[in-house]
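>>> can't give you the sequence, but here's the structure:
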C-alpha cells in the first residue's frame, strides 16, 4: 500500500493508504470546487494515475447534475489528494462523513 500525505490548506501529518499503484478504474471521492454544492464529495473514477508519489490523478467525477448545477460527468485533471475543494481522497477515509439529508 502506498501512503499519501494530504495536501492543500488542510494539510496535516495524516497519511492515507490507497492501492499501490493507483489503479485505473479505482473509485474515490472528489471534493467539488464549482457549482452550488462546492465543498461536498462526489464519486469519481481514476482515469489515469500520473504519480503515485504525489497522488496526482485524472478523474471523471459523477455529479448530481442539475442539483449541483454542473454537467452529469465532469473531467478533472492533475488532481492531488486532500480534503480541500478540488482534491480527492479514498471513499473509506472521507473526512466529511455522510452528508445524506434523507
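Cool, got the structure. Just so we're clear, the structure is a prediction, and the values are computed from it rather than from any experiment. Numbering: from 1, shown residues only.
>>> remind me which residues of this structure are low pLDDT?
Applying pLDDT under 70 to the chain flags residues 1-21, 97-102.
>>> stretch 58-78: end-to-end distance?
6 Å (CA to CA, to the nearest Å).
>>> what does stretch 66-85 give?
Where stretch 66-85 begins and where it ends lie 19 Å apart, using CA to CA.
>>> check stretch 78-96 too.
Stretch 78-96: ends 22 Å apart by CA to CA.
>>> equivalent analysis for stretch 36-44, please.
Using CA to CA, the end-to-end distance of stretch 36-44 comes out at 18 Å.
>>> list the buried residues of that stretch.
By 16 or more other CB atoms under 10 Å, the buried positions in stretch 36-44 come out as 37, 40, 41, 42, 44. Backbone N, C-alpha and C define where each C-beta goes, glycine included.
>>> now do the SS call for residue 69.
Put simply, residue 69 is coil when judged by DSSP: H, G, I helix; E, B strand; the rest coil.
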